[in-house]
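K.L.:
model this:
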Amino acid sequence: MDAADLLWTSAAIHAAVARDDPGTVIRLARRAADLNQTALGRLCGYSASTISRIERGQPPVHDIDVRRRIATALAIPPQYLGLAPAPKPKTPPLRVVHPPRPDLAVKVEQIPAVEGDDPVRRRDLLTGLTATAAVSTWPWPAAGASSANAEVTLDALLTAASVDAQPAPTVELTRALTAAQTAFTKCRYNDLAVRLPQLIAVTTASQNTATGTQRDNAATVLAGAYQLASELCIKLNDDALGWVLADRAMTVAQVSGRADSIASSTRTVAIAMRRAGHQDAAIDLLTRAAHGLDLRHRPPDGALAAYGSLLCTAAYSSAQRGNHAQAVELIDEAAEAAERLTTPHLSAGVAFSPTNVNIYKIAIFTALGDSATALRHASSVQPGVLPTPERHARFCIDTARAWERHSRPDRAHQALRAAERHAPQELRRPSVRDLISSLLYGPTPAPPGLRELATRVGAAR
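P.N.:
Numbering: from 1, shown residues only. Modelled structure (predicted):
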């Protein structure tokens, strides 16, 4: 009987399986494989801190794809992690062969089937890699280019770092990240899902081959790319993948050593934590990061924007937790920081300003159950000054939620129609479709035109 047989027949493993403790199963299998958490993380594409959380039974351990990825890396029988055995493939799998070309073009070829390979998962992964490699020639295409008809797959964001790519100068990487952030603010989420993996692949290659300041600069861009990828996943309702990518953003930002990059990545991690139900931990992480910034004397706008953005997110997390006093205190601190700015400043690709704080106040007071105050803050926002379609849609959707809580479905519908005019893709997000459904099927009569809107965005039953 070899070591593997001894492990899978041991009392410790069977006890962990019996109590549905996948974290312990993973920890025992990792130790049996003589791997530390960092080494396992490299095999799976996670940081050591994520592996540590998984082994403690914390998110994303409950995500089926995460479990299956770790099961594959450690050769854990699927049933030991509560997974169904992977079906045999009906067709031979594909091998992706990456020639060393800047455009990352690929070819695929048939190889013999592998026992236990998952054809659905393999299809998704290869679709993602193909999208990663077959996008327009580096650098990022012009703003008018569109990938609206491309198949969207988020898996490619997770595997992009392992795709062969040619390094690029920092100036090109920075320009590509700026273009990606612009696509996000214009709600071109399909474009991003197709093109972001290329940016991650090229920037990873650049960081791996650079030294000194150039390596730090590439790390800063890579952190920004992973942060944007996390925000995209959250927009598209893949919170588990969003958390993994946020964790990568934080890890790379710490390599860069830049305070603004670390602060913005911290905010992204905290958003993922909050959405997983860990509001208290998210608030603690955000406030510690904010108060760790040096704002003495005359801080630059960048430091104020990072500080204020962290506090805005902490305030909203507090509101979702139901802590009225803490939410108000934190958003007031953010408002003070916004008033100290000399001009609206980009923080993580989003303009931080007094107007941005007021938009947060709409969501905060709606979450606290005070729709009247939320609507008062909504009335103070001048839509014409909102800088991007994403910000405009965010304002309209938050206002619609406030009107819905205020028992005015007609006004909520008007706000949603305004959001649709600026960023129709925003209304297809699951949370917004839920709002539209609640208006359509609520106890009050549906406003004229609401059913047509629900049908357009897929919210009609």
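
K.L.:
Run through this protein and note the low-pLDDT ranges.
P.N.:
1-5, 45, 59-60, 62-65, 83-152, 346-350 (pLDDT under 70).

K.L.:
Show me how the record splits it into domains.
P.N.:
3-81, 140-381, 382-461 (automatic domain parsing).

K.L.:
what's the offset of the first one from the middle of its chain?
P.N.:
To tie it back to what came earlier, the one meant is domain 3-81. 24 Å (CA atoms, centre = their mean, to the nearest Å).

K.L.:
try stretch 397-409
P.N.:
That offset, for stretch 397-409, works out to 26 Å (CA atoms, centre = their mean).

K.L.:
And for it, what's in contact with it?
P.N.:
359, 362-363, 365-366, 369, 371-372, 374-375, 378, 411-413, 415-416, 419, 426-427, 432, 435, 438-439, 442, 444, 446-447, 450 (CB atoms under 8 Å, 6 or more residues apart in numbering). No exception for glycine: its C-beta is placed from N, CA and C like everyone else's.

K.L.:
ok, of those residues, which come out buried?
P.N.:
359, 362-363, 365-366, 371, 374-375, 378, 411-413, 415-416, 419, 426-427, 432, 435, 439, 446-447, 450 (16 or more other CB atoms under 10 Å).

K.L.:
and those residues, which of them are in strands?
P.N.:
Secondary structure of the buried ones among the contacts of stretch 397-409 is defined by DSSP state E; no position falls in strands.

K.L.:
Now do the strands in the stretch 201-350 of the chain.
P.N.:
Taking DSSP state E, counting those that start in this stretch as the test, the strands found in the stretch 201-350 of the chain are 345-347, 350-352.

K.L.:
quick one, what contacts S261?
P.N.:
A219, T220, A223, G224, A253.

K.L.:
wait, what's in contact with the closest residue to I331 other than its chain neighbours?
P.N.:
The shortest distance from I331 to any residue other than its chain neighbours is 3.9 Å, reached at A315 (CB to CB, 6 or more residues apart in numbering). Contacts for A315 (CB under 8 Å, 6+ apart) come out as Q326, A327, V328, L330, I331, A334, Y360, I364.

K.L.:
how does it look with 6 Å?
P.N.:
Residues near A315 by CB atoms under 6 Å, 6 or more residues apart in numbering: A327, L330, I331, I364.

K.L.:
L241 against E231, yeah?
P.N.:
No - between L241 and E231 no contact is recorded; they are 11.5 Å apart, counting by CB atoms under 6 Å.

K.L.:
With just CA atoms, put stretch 29-43 into PDB.
P.N.:
The C-alpha trace of stretch 29-43 is given here as PDB (Å, rounded to 0.1, in the frame of the first residue of the first chain):
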ATOM      1  CA  ALA A  29      -3.500  16.100   1.000                       C
ATOM      2  CA  ARG A  30      -1.200  19.100   0.700                       C
ATOM      3  CA  ARG A  31       1.000  17.900   3.500                       C
ATOM      4  CA  ALA A  32       1.100  14.400   2.100                       C
ATOM      5  CA  ALA A  33       2.300  15.800  -1.200                       C
ATOM      6  CA  ASP A  34       5.000  17.700   0.800                       C
ATOM      7  CA  LEU A  35       3.900  21.100  -0.500                       C
ATOM      8  CA  ASN A  36       3.600  24.300   1.500                       C
ATOM      9  CA  GLN A  37       0.700  26.700   0.900                       C
ATOM     10  CA  THR A  38       2.800  28.900  -1.500                       C
ATOM     11  CA  ALA A  39       3.700  25.900  -3.700                       C
ATOM     12  CA  LEU A  40       0.100  24.700  -3.800                       C
ATOM     13  CA  GLY A  41      -1.000  28.200  -4.600                       C
ATOM     14  CA  ARG A  42       1.300  28.300  -7.600                       C
ATOM     15  CA  LEU A  43      -0.100  25.100  -8.900                       C
END
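
K.L.:
list the buried ones in it?
P.N.:
For stretch 29-43, using 16+ other CB under 10 Å, the buried residues are A29, R30, A32, A33, L35, Q37, L40, G41, L43.

K.L.:
A strand includes the fifth one, no?
P.N.:
No - per DSSP: H, G, I helix; E, B strand; the rest coil, L35 lies outside any strand segment and is coil.

K.L.:
So what does it have for phi and psi?
P.N.:
phi -120, psi 140 (degrees, to the nearest 10).

K.L.:
Same question for R296.
P.N.:
phi -70, psi 160.

K.L.:
any idea how far A303 is from it?
P.N.:
Applying CB to CB, to the nearest Å, the value for R296 to A303 is 10 Å.

K.L.:
count of residues packed around the residue lying closest to H324 once chain neighbours are set aside?
P.N.:
Leaving aside its chain neighbours, H324 sits nearest to L368 (5.4 Å; criterion: CB to CB, 6+ apart). For L368, the count of nearby residues is 18 (other CB atoms under 10 Å).
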